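Asks: test case, fold it:
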Amino acid sequence: MLREIRLYWAVKVQYKALSRDWSLFQMNLTINSFIQLLGTVGQTLNVVGGFVPADKKMYVAAGLALIQGIAAALAQFHNPDGTPAALAYAPSPK
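Replies: Residues are numbered from 1 along each chain as shown. Alright, predicted model coming up:
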């Protein structure tokens, strides 16, 4: 029981620390592009490369597609600069 209480307390403290700084969880254009690029390279290597056995290729492709889908769904609700999509996007002048 004491172990569970310690674990709960450790998770609670870490959650509070992370919830103060939501900038860690902003999905901006750079992060989304990087995730999608890695997923595309992974899908290509899965099909053409001989890294994965033939009977496991379907599972690797499904896993990579799931990661790419989650990243795309998160990016849909954010502007390219990482602000929520509910706010109007004002690109910075260059």
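Asks: element containing residue 6?
Replies: helix 2-20 (DSSP states H and E).
Asks: that helix - what's its average pLDDT?
Replies: Taken as a whole, helix 2-20 has a mean pLDDT of 64.
Asks: tell me which residue lies nearest the centroid of this protein.
Replies: Closest residue to the average C-alpha location of the chain: residue 71 at 4.8 Å, with Cα atoms, centre = their mean.
Asks: got the phi/psi numbers for that residue?
Replies: Phi and psi for residue 71, reported as degrees, to the nearest 10, are phi -60, psi -40.
Asks: likewise residue 54?
Replies: Dihedral angles (degrees, to the nearest 10) for residue 54: phi -60, psi -30.
Asks: give me every residue that touches it.
Replies: By Cβ atoms under 8 Å, 6 or more residues apart in numbering, the contact list for residue 54 is empty. From N, CA and C alone the C-beta is placed, and that goes for glycine too.
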